[in-house]
Structures are given as C-alpha cells and as structure tokens.
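# Sequence first, then the predicted structure, then my questions.
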Amino acid sequence: MNGGDVVGTMFTLLFVGALAFIIFSVVRTTRKARERGEALFKSMFPDLQPYFHPTKLIEYVWARRAQNTELHGPRTWASPPGFGEAASADIDVVKDRERVRLKDAAGAVLTEFSYDNHAEGGVIRVGKGKFTVNIVERERRVRYWHPDREFKWKNGAWTFESRMSESSIESSSDSSSSFSDRSSSSSSTSTAATAAAATAGIVAAGGAFDGGGASQSWVAGRDDDSSSSSSSSGLVATAY
C-alpha cells in the first residue's frame, strides 16, 4: 500500500468516526431532552397523571376516528386504545360531546373526560383543561390549554408555559431546562429562578389549579380556541 492509499484510508476512517460521533451526540441529546420534558410534565401536571399523556391521547383519538366521525352513545368500548389501565369505557353523549368514563375490571370509575371531533383529529376536555390532538399531519401534535398553564408536545419534544412564571419552558440539550422570558418587565431577575420557583409552587400545591385532579367530575371545557383563550388569560402562545 503506497502513501496515498494510507492517507486515503486514514481520512475515510476519520470521516466515518466523526460522522458516527455526531450521530451519537444528536441521539443522546435528543434522548436527554425528552427525558427532561417527561420529568417536567410529571412535576408540573400531576393532575394529568397517569392517563393523559400525549401519546395515549393520540392512540385514543386515532382509534376513535377510525370508527367513524359521528358522535354516538350510549355504548361501552372494551379495552379502549391508549388506556391500558382501563378495562372499558362507558360513553354517552352530553351537550353534543361524548362523555367517556374509564372503568377498571371491577367497574369503578378511574377518570373521565369529554371528546368531540376536530378537523385534524379530536378535542379532549378534562376539568378546565383542553387537549387538541392532531393526528392528520405527519408530525403528531398535542396542545394542552388550561387557564393557568399549558404545554405543547410534538414528536416527543415539549414546550411548557405557566402563567405564574410568565415564561416558556423548553426541554433542551443543556444540563437544565431552557427558560425563555416572555414578561415585559424591565427587571433583571433570573427567569430560570422565577420559573423554577413557579414549578416548585405547582408541585407543592399538588398541581390542582382547578381544585381537583384527573379523576374529578367532568366539567365541560371552554369552547373558545386555545390560542385566543391564552391571549385573554395573559399567556403568550408559542407557535409550533
């Protein structure tokens, strides 16, 4: 093997090694960001655990839309997709929405929510909160709106907003989550500290801004669009 071949081989090995390192770094960074997002979701939204994770809602809406687009009830849906904890779902129609009550094998109600159709998927309401689930586009998306806080989920990536912190919290590749200040105040107070304190407040309060958890009695959500509702409540929505 002559000198040119040796140099070419070394260059190829270096290139392959660098490419492999870059790919590994991207995968590791993405995984860590998603893990941080999952942790924030559990700490900031304890009232939505364990039933209302975005992936579960996407699975449910997908299966529900596959049936038909007409609202109908009363009926029982055995082993409703997305909710492995439930043995069945009792469904009836209340105020032009399907009221869904998840039950265990003994017939006890685990939690309940309302469902109605959306042009790109479905809308699920729990207490004062509203999930808009998009299953039409290639990138699956879920947006949750609540008078006091909201989040957006897209293919495993999370963005959180809290009225208490007036900040957008994103899972990032850094050692801690990224906080983007959305306040008009001229104060130089650390946004990260403010948002962290707000998160701690949410956890300490049990996350029950509306006075109850995911198993509370069903209350119809607001009919207005989540983006306009966010604006009226002082939150600044973040586009997908």
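Done, it's in.
# If we go by neighbour counts, what in the longest strand along the chain is buried?
For the chain, the strand with the greatest residue count under DSSP state E is strand 109-118. For strand 109-118, a neighbour-count test (16 or more other CB atoms under 10 Å) marks Leu110, Thr111, Glu112, Phe113, Ser114, Tyr115, Asn117, His118 as buried. Where you see a C-beta, it was placed from the backbone N, CA and C, and this is true even at glycine.
# same thing with stretch 139-147?
Under the neighbour-count rule (16+ other CB under 10 Å), stretch 139-147 has Arg140, Arg141, Val142, Arg143, Tyr144, Trp145, His146, Pro147 buried.
# and what of stretch 40-48?
Leu40, Phe41, Met44, Phe45, Pro46, Asp47, Leu48.
# and which of these is nearest Glu161?
Met44 (10.1 Å; CB to CB).
# Next, the contact list for the residue lying closest to Ala119 once chain neighbours are set aside, please.
Closest residue to Ala119 apart from its sequence neighbours, by CB to CB, 6 or more residues apart in numbering: Val136 at 7.8 Å. Going by CB atoms under 8 Å, 6 or more residues apart in numbering, Val136 touches Ala119, Glu120, Gly121.
# Checking my notes, Val136 in a helix, right?
No - read with DSSP: H, G, I helix; E, B strand; the rest coil, Val136 is coil and lies in no helix.
# Check which helices and strands the top helix by length along the chain sits against.
Longest helix of the chain, by residue count under DSSP state H: helix 3-44. Using 3 or more CB pairs under 8 Å, 6 or more residues apart in numbering; DSSP states H and E as the contact test, the elements touching helix 3-44 are strand 149-154, strand 157-162, helix 191-204.
# Can you flag the weakest of the ones you listed by average pLDDT?
The stretch with the lowest average pLDDT out of the helices and strands packed on helix 3-44 is helix 191-204, scoring a mean of 39.
# quick revisit: for Thr159, state which of the buried residues of stretch 40-48 is nearest.
After measuring these against Thr159 - CB to CB - the closest member comes out as Leu40, at 10.0 Å.
# my guess is Lys56 meets Glu85, correct?
No - Lys56 sits out of contact with Glu85 when judged by CB atoms under 8 Å, with a separation of 9.5 Å.
# who has more neighbours, the two?
Lys56 (18 against 12; other CB atoms under 10 Å).
# Tell me which other helices or strands the helix or strand harbouring the more buried one touches.
Take DSSP states H and E as the rule and Lys56 turns out to sit in helix 54-67. When contacts are defined as 3+ CB pairs under 8 Å, 6+ apart, helix 54-67 packs onto strand 109-118, strand 121-126, strand 129-134, strand 141-145.
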